[in-house]
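Peer 1: I would like the atomic coordinates for the input below:
(one chain, ligands or ions: 1)
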Amino acid sequence: MTRDQSDADAAVSADGNADVDADADVDVDVDRDISPAVVETADDIAAMRTRGAATIADAAADALAIQADQSEADSASEFRRQLRAAAKTLYETRPTAVSLPNALRYVLRGMEGETVTELRTTTITRADEFRADLEQAQTKLGEIGANRLRDGDVVMTHCHSTDALSCIEAALEDGKEIEAIVKETRPRKQGHITARQLREWDVPVTLVVDNAARRYLDDADHVLVGADSIAADGSVVNKIGTSGLAVNARERGVPVMVAAQTIKLHPDTMTGHTVEIEMRDETEVLSSGDRTAILAEAGADDSPDASDDGLTVENPAFDVTPPRHVDAIVTERGQFPPESIVTLMRELFGETTGEPWEA
Ligand SMILES: O=P(O)(O)OC[C@H]1O[C@H](OP(=O)(O)O)[C@H](O)[C@@H]1O
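Peer 2: Sure, this is the predicted structure:
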């Protein structure tokens, strides 16, 4: 399956996810025993029709439950093989959000039994348990995060994070008035999803382009963002632009709060591994028409070898914010200074992990 997808237009669709081209579908090397529902889920994650670290984890766990339910394996070993193959297909969609492998690992570790029937039941039960825990964790995290928000506060957001929004929702339920400055978040304009959700809750929203963020930080009491992965040293991997925002916030004295369920903690980073940053297709940044227009006046080499035209577009989806620019990581287990998050990671994951399908 390819990781670079062609999502020509970053408009926001009615279901809250960024629209993607129909041709953004991925080439899946399909094992014929993998359920079509798993393949569809993998395609949706890769093309970002299903997006957001928590939502991806939920969809992946659901897909494994469907695989378990629909499997026609005639032996326990064949059932296990199919589940592992399904997990691998899901895993290979996008590389950065650790919630995906954490979800797969959690479900596969619950796959227990000697017969196909037992394996099926335990896997489905485990997936259901995971999904229920995920929802509860987000609610709990929101209640904790809301304690940092005071009545009348203005929050600046980046991208769209259900964990971050959970904090605002809980503050509103506590009767606090909250306003938001919402960064557009190029290239996919996922700030529009945040703006729409906040307006549904009747929160006053000021939408700004990313380049205006520093100017509007003077009006903000908090920067509130989510996370795709959190490393053992407390670094926060989140949507591209988060690190620059955090540096500016620190300079302006605005606290930076990261809302992240513990499923965003990246266990491999405890043993020195780094988090892979997803590079996405250039058409999210520059359409082929705009590319042609830029090069038209330049007397560019009109050879059919387009890679030789001297114009390179880079489109990293995420960046890394060092712990010194983060004030608090809010999880369902409490809020932590970033430097102490490793203690929680050891408690939750132990010291070692393997690939999810080696669980
Ligand atoms: O889990 P929740 O808080 O919803 O989202 C966490 C993060 O996932 C998103 O990534 P993408 O849009 O999938 O690339 C954003 O970076 C967001 O901050």
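Peer 1: buried set for stretch 243-252?
Peer 2: Residues 243-250 are the ones in stretch 243-252 that count as buried (16 or more other Cβ atoms under 10 Å). Yep, even glycine has a C-beta here, placed from its N, CA and C like the rest.
Peer 1: just put those residues in TSV and tack on pLDDT and distance to Ala86.
Peer 2: Below are the buried residues of stretch 243-252 laid out as TSV (pLDDT from 0 to 100; distance: Cβ to Cβ, whole Å):
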residue	pLDDT	distance to Ala86
Ser243	98	35
Gly244	98	38
Leu245	98	37
Ala246	98	37
Val247	98	41
Asn248	98	43
Ala249	98	41
Arg250	97	43
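Peer 1: which ones are touching Val107?
Peer 2: Residues in contact with Val107 (Cβ atoms under 8 Å, 6 or more residues apart in numbering) are 61, 64-65, 87, 123, 126-127, 130.
Peer 1: in helices, which of these appear?
Peer 2: Within the contacts of Val107, residues falling in helices by DSSP state H are 61, 64-65, 87, 123, 126-127, 130.
Peer 1: and those residues, which of them are buried?
Peer 2: Buried members of the ones in helices among the contacts of Val107, counted by 16+ other Cβ under 10 Å: 61, 64-65, 87, 123, 126-127, 130.
Peer 1: could I get those residues as CSV with pLDDT and distance to Val203?
Peer 2: Shown next, in CSV, are these (pLDDT from 0 to 100; distance: Cβ to Cβ, whole Å):
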residue, pLDDT, distance to Val203
Ala61, 98, 30
Leu64, 98, 36
Ala65, 98, 35
Ala87, 98, 38
Thr123, 98, 40
Arg126, 98, 37
Ala127, 98, 34
Phe130, 98, 30
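Peer 1: hang on, the earlier thing: so which of the buried residues of stretch 243-252 sit within helices?
Peer 2: Per DSSP H, the subset of the buried residues of stretch 243-252 in helices is 243-250.
Peer 1: distance check, the residue nearest to Tyr106 when sequence neighbours are not counted against the ligand.
Peer 2: Distances taken as Cβ to Cβ, 6 or more residues apart in numbering put Phe130 closest to Tyr106, at 5.3 Å, once the chain neighbours are dropped. Counting by Cβ to the nearest ligand atom, to the nearest Å, the gap from Phe130 to the ligand is 14 Å.
Peer 1: same check on Glu173?
Peer 2: The gap separating Glu173 from the ligand is 18 Å, by Cβ to the nearest ligand atom.
Peer 1: for that residue, which non-adjacent residue is closest in space?
Peer 2: Ala146 (7.8 Å).
Peer 1: pretty sure the one you found contacts Ile178?
Peer 2: No. Applying Cβ atoms under 8 Å, one finds Ala146 not in contact with Ile178, separated by 9.3 Å.
Peer 1: the two: which has the busier surroundings?
Peer 2: Per other Cβ atoms under 10 Å, whichever of Ala146 and Ile178 has more neighbours is Ile178, with 25 against 20.
Peer 1: thinking again about what came up before, now for the residue nearest to Glu173: which residues touch it?
Peer 2: By Cβ under 8 Å, 6+ apart, the contact set of Ala146 is 167-168, 170-171, 173-174, 176.
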